[in-house]
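Undergrad: Predicted model and sequence below, questions to follow.
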Amino acid sequence: MLEYEIEIGKEERDALLEITLQSDVYRKRRKVVTITSVIMCIICLPSGMLSFMLGRAEMGSLFMILWAAFLYFACGGKKVQQKARLKRFYANAQKALVSGHRKYIFSEESISIKSEIAEGVNLWTAYKDWGFYENYIYIRNLSNQVILVRQSELSAEDHAWLVDLLTRHLGAALA
């Protein structure tokens, strides 16, 4: 059994944001938007040029504005939008809490989580993957919520035990 406490500050919120953006759900959404946007760019640019050549400037302008918007999303605008939305979400969630203090208890059966507003026990079946991000070990549950453990705060023995526990219950770490 391992007890670990962490204070969720700006550095941890930034790590949570990047881990969330790297999740399969967010990457899939970005991929769909990028492919759709590329197709729409291919349609809007010639349509706009043709509209200008036929003397329909209003229609041509509309197609060019649409082309610019789709080009923005084709070039990664969706990730910027997702990041902004997640930042707002984390900021609003943080305002609701008095502190960002969390306590985790890792055992063979479950992970217990304690914060100022809730306390719960989640069996290992509630988690889907884990990995390393910068100085953190993260564990992601089925609803994409993330637990962070700062590696530098663990002893070598505790680090090895936790990595072994996570590997046995969730498989190999994500790359």
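TA: Nice, thanks for sending it over. Residues are numbered from 1 along each chain as shown.

Undergrad: okay, CA-based contacts and neighbour counts for the rest of this
TA: Noted.

Undergrad: Which residue would you name as the spatial centre of this structure?
TA: The chain has residue 20 as the residue nearest its centroid, 1.1 Å off, counting by CA atoms, centre = their mean.

Undergrad: List the residues that contact it.
TA: Residue 20 makes contacts with 26, 144, 146, as judged by CA atoms under 8 Å, 6 or more residues apart in numbering.

Undergrad: from those, which is closest to residue 135?
TA: Nearest to residue 135, judged by CA to CA, of these is residue 146 at 14.7 Å.

Undergrad: what number of residues lie near that closest one?
TA: 19 (other CA atoms under 10 Å).

Undergrad: Next up, phi/psi of it, please.
TA: Phi and psi for residue 146, reported as degrees, to the nearest 10, are phi -120, psi 140.

Undergrad: Was I right to think it contacts residue 133?
TA: No: counting by CA atoms under 8 Å, residue 133 is not a contact partner of residue 146; they are 11.8 Å apart.

Undergrad: Which of the three states applies to the closest residue to residue 23 other than its chain neighbours?
TA: Nearest non-adjacent residue to residue 23, counting by CA to CA, 6 or more residues apart in numbering: residue 144, 7.9 Å away. Assigned by DSSP: H, G, I helix; E, B strand; the rest coil, the conformation of residue 144 is coil.

Undergrad: any idea how far residue 16 is from residue 144?
TA: According to CA to CA, to the nearest Å, residue 144 and residue 16 sit 11 Å apart.

Undergrad: Who has more neighbours out of the two?
TA: Per other CA under 10 Å, whichever of residue 144 and residue 16 has more neighbours is residue 16, with 23 against 16.

Undergrad: how close does the more buried one get to residue 2?
TA: 22 Å.

Undergrad: Equivalent analysis for residue 36, please.
TA: To residue 2, residue 36 is 47 Å away according to CA to CA.

Undergrad: Could you chop this structure up by domain?
TA: Structural domains annotated on the chain: 2-9+99-170, 17-96, as defined by automatic domain parsing.
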